[in-house]
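Chemist: Prediction below, plus the sequence it came from.
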Amino acid sequence: MMLTRTLLPHRWLAVRSAATVVAIACAAAVFSAPQAAARQPGVIGIPEDDPFADELNPFGSGKQPDRPAPPPAPPQRPPVTLPVPFPERTLPGDPPPRPAPSQRDLPAQRPAARPARESDLDALAPFPEAAPSEEPERSPAEELLFEAEKLDREGRLEEARTVLRKATALDPQLSIAHLALGVINRRLGDFRGSVDACSKGLAVDPQNPELYLRRGIAWFHLGLHGIALEDFEDAAGIAYEDPRPELWRGLALVELDRPLEAINAYASAVRRDRTFMIAYLNRGLAYLSTGQPRKAEFDFDLAIRHDPHDVRSWFNRGVAQAAQGRYGDAVESYSAALAIDPRHEPSLRNRAAAERMVSGARR
């Protein structure tokens with residue numbers, strides 16, 4: 001029977017007092033229950049698999065029953081790694097080559113260990129020379145993958161694609177084969193095939209940033225820049241130190257006519273890798289498109305510092321200087337570009353125009 005507040009005030013207070021007494025009585029009954037009842041499995045509020053369940057239980061003894069040891073994990077074959085999985089050679093965005101470490105940066109080499117004898121104290125060294133481990137046996141699909149890599153290095157892309165299709169059919173769980181097939185398809189101009197291959201790879205390995213990046217590049221070439229932008233964002237969110245996803249995100253934002261956001265994307269690429277020259281170059285172009293030639297010139301200077309032989313950096317530096325009315329400086333920049341490539345038509349044309357502006361100012 002439900003009680004409502006329509007009762008008289010004194011009757012309502014009496015009912016609340018009675019309810020309080022009943023609650024106290026119920027609580028006393030619970031706390032007087034035997035320990036066995038309180039420690040039964042399934043007690044509300046104490047998970048059965050909580051290692052501290054007995055300690056948190058006010059009726060527990062503080063001693064946990066022995067748990068069976070977990071079964072040993074089955075042995076897993078190490079993932080296949082290639083030196084460079086079918087790199088992009090025709091598109092910007094690859095990481096710059098890292099300089100080889102100097103001799104002083106290399107770790108000191110330990111002398112080779114002598115054969116240990118029973119009485120030889122050197123056998124008790126804390127870090128004995130480990131025996132070289134044997135290379136794990138490759139599966140048939142992995143053998144096909146290495147065969148395709150060899151064909152790719154020889155420039156036989158169609159044959160490499162055929163072999164990779166066999167590898168993915170033989171082992172659909174081999175995500176690196178899907179990645180390689182996606183890159184080969186893109187290089188052959190089959191952008192839809194590249195999207196399909198990378199999508200199948202992501203179904204196997206949804207946390208692979210390279211698959212997101214390569215699929216985004218294929219979407220980009222199909223003109224679907226909004227979809228490409230999503231893939232570049234996913235890749236950037238997983239690979240925190242790789243500048244390429246942010247570079248491609250900037251390229252997609254430029255195509256979507258969002259240059260200010262593109263500038264931020266290029267800045268993020270620079271933060272990830274201060275030597276990533278192409279990010280400076282593209283950010284400078286974005287600054288030019290937004291009417292900020294001084295900032296553009298600064299970025300082109302940084303690009304030149306990282307690669308003094310890049311014609312584009314010198315040429316665009318001249319464009320930024322001319323946009324500021326500094327035609328004499330622009331002539332010098334165009335001349336530097338022509339010293340690298342005497343046939344660079346844009347530099348020839350712009351230098352002639354800048355020289356006319358300098359002559360006109362002198363008159």
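Modeler: That came through fine. In this text the structure is predicted, and so the values were computed from the model without any measurement.

Chemist: switch to C-alpha atoms for all contacts and neighbour counts from now on
Modeler: Noted.

Chemist: Just to check, His344 is in contact with Leu338?
Modeler: Yes - proximity of His344 to Leu338 meets the contact threshold set by C-alpha atoms under 8 Å, at 6.3 Å.

Chemist: For this structure, which residues score under the pLDDT cut-off?
Modeler: Per-residue confidence for the chain (pLDDT under 70) gives these ranges: 1-71, 73-135, 362-363.

Chemist: switch the cut-off to 50
Modeler: Segments of the chain classed as low confidence (criterion: pLDDT under 50) are 1-65, 80-99, 101-131.

Chemist: which parts of stretch 143-159 are buried?
Modeler: Of the residues in stretch 143-159, 144-146, 148-149, 151-152, 157 count as buried by neighbour count, 16 or more other C-alpha atoms under 10 Å.

Chemist: Among those residues, which one sits closest to Gln173?
Modeler: Using C-alpha to C-alpha, Leu145 is the member of the buried residues of stretch 143-159 that sits closest to Gln173, with 13.0 Å.

Chemist: tell me the contacts of that closest one?
Modeler: The neighbours of Leu145, taking C-alpha atoms under 8 Å, 6 or more residues apart in numbering as the test, are 163-164, 167, 177.

Chemist: Tell me the one among those residues nearest to Arg138.
Modeler: Distance to Arg138, by C-alpha to C-alpha, is smallest for Ala167 among these, at 12.4 Å.

Chemist: Give me the neighbour count for the closest one.
Modeler: Applying other C-alpha atoms under 10 Å, we find 22 residues neighbouring Ala167.

Chemist: Show me what the strand or helix carrying it is in contact with.
Modeler: Element membership of Ala167, judged by DSSP states H and E, is helix 157-170. The contact list for helix 157-170, computed with C-alpha under 8 Å, 6+ apart, reads 140-142, 144-145, 147-149, 151-152, 174, 177-178, 180-181, 184-185, 188.

Chemist: Which ones among the residues you listed map onto helices?
Modeler: With helices identified by DSSP state H, the entries of the contacts of helix 157-170 that belong to them are 140-142, 144-145, 147-149, 151-152, 177-178, 180-181, 184-185.

Chemist: What is the nearest of those residues to Pro245?
Modeler: Of all the ones in helices among the contacts of helix 157-170, Ala180 has the smallest distance to Pro245: 18.0 Å, by C-alpha to C-alpha.

Chemist: which strands and helices sit next to the strand or helix carrying Asp329?
Modeler: Remark: Asp329 resides in helix 327-340, with elements defined by DSSP H and E. When contacts are defined as 3 or more C-alpha pairs under 8 Å, 6 or more residues apart in numbering; DSSP states H and E, helix 327-340 packs onto helix 311-323, helix 345-362.

Chemist: ok, residues contacting the shortest one?
Modeler: With contact meaning C-alpha under 8 Å, 6+ apart, helix 311-323 is reached by 281, 285, 288, 293-294, 296-297, 300-301, 303-304, 327, 329-334, 336-338, 340-341, 346-347, 354.

Chemist: any idea how far Leu224 lies from Glu233?
Modeler: 15 Å (C-alpha to C-alpha, to the nearest Å).

Chemist: what's the answer for Leu144, then?
Modeler: Computed with C-alpha to C-alpha, the distance linking Leu144 and Glu233 is 32 Å.

Chemist: now do Gly226
Modeler: As judged by C-alpha to C-alpha, Gly226 and Glu233 stand 11 Å apart.

Chemist: do Gly189 as well
Modeler: Counting by C-alpha to C-alpha, the separation of Gly189 from Glu233 is 24 Å.

Chemist: picking that back up, and the contacts of helix 311-323, which are buried?
Modeler: Restricting those to buried positions leaves 281, 285, 288, 293-294, 296-297, 300-301, 303-304, 327, 329-334, 336-338, 347, 354, with burial counted as 16+ other C-alpha under 10 Å.

Chemist: Quick check: nearest residue in space to Asn208, chain neighbours excluded?
Modeler: What sits nearest to Asn208 in space, not counting adjacent residues and going by C-alpha to C-alpha, 6 or more residues apart in numbering, is Leu202, at 6.9 Å.

Chemist: thought that neighbour was touching Leu213?
Modeler: No - with contact defined as C-alpha under 8 Å, Leu202 and Leu213 do not form a contacting pair (11.1 Å).

Chemist: ok, the two, which is more surrounded?
Modeler: Set side by side, Leu202 and Leu213 show unequal neighbour counts under other C-alpha under 10 Å, the larger going to Leu213 at 26 against 20.

Chemist: who's in contact with the strand or helix carrying that one?
Modeler: Secondary structure here is read from DSSP H and E; on that basis Leu213 sits in helix 209-221. By C-alpha under 8 Å, 6+ apart, the list of residues contacting helix 209-221 from outside reads 179, 182-183, 186, 191-192, 194-195, 198-199, 201-202, 225, 227-232, 234-236, 238-239, 245, 248, 252.

Chemist: same deal with stretch 223-230?
Modeler: Residues contacting stretch 223-230 (C-alpha under 8 Å, 6+ apart): 215-220, 248-249, 252-253, 255-256.

Chemist: So among those, which ones count as buried?
Modeler: Of all the contacts of stretch 223-230 considered here, the ones buried according to neighbour count by 16+ other C-alpha under 10 Å are 215-220, 248-249, 252-253, 255.
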